[in-house]
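> Any chance you could fold what I've pasted below:
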Amino acid sequence: MRPKYPPDIEAEITFLTSEEGGRKTPAYSGYRPQFYYDGHDWDAVQEYIGVFEVCPGQTVMAQLSFMSPQCHVGKLYPGKEFLVREGQKVVARGKVTKILNLEKSAERKKALEAKRRGENNDAT
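Purely as a prediction, here's the structure:
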């Protein structure tokens, strides 16, 4: 599943081996586990850079797109560490390497939510 909009962040992700409690099977671009930091789980689609499949034990660069980007502005920054979880099971560890389009995504999401609520931001 390709994200509809440009990615929000870039990150380096290292998948745990199955012996470490991670996945037993590969993850593929479009994978949508929980992105966990600061005590909260968030939905994010992962698109891997240069590869389609990542096996347990491998490290990959990825671009992530959040379902709720407005919740992450000011909280994520290069060097911020996070976990990748499937439910309560940690399957990978990662670190944010770049903030890409997070603020634009947050603005777009807020505008869509306002439109759904029937708010009109036009000054007429």
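
> Buried ones in the helix or strand containing residue 94, by neighbour count?
Following DSSP states H and E, one finds residue 94 within strand 89-99. Across strand 89-99, burial judged by 16 or more other C-beta atoms under 10 Å covers 90-94, 96, 99. For every residue, glycine as well, the C-beta is placed using N, CA and C.

> so what does that strand touch, helix or strand wise?
With contacts taken as 3 or more C-beta pairs under 8 Å, 6 or more residues apart in numbering; DSSP states H and E, strand 89-99 sits against strand 9-15, strand 81-86.

> Any buried residues in the last one, and which?
Within strand 81-86, the residues that qualify as buried are 82-84, counting by 16+ other C-beta under 10 Å.

> Each with direction, which strands does that strand pair with?
Take DSSP bridges as the rule and strand 81-86 pairs in its sheet with strand 34-37 (antiparallel), strand 89-99 (antiparallel).

> what's the angle from whichever helix or strand comes after the longest one to strand 89-99?
Think strand 89-99. The helix or strand immediately downstream of strand 89-99 is helix 102-116, counting by DSSP H and E. Inter-element angle recorded for helix 102-116 and strand 89-99: 110 degrees (by axes from the mean of the first three to the mean of the last three C-alpha atoms, to 10 degrees).
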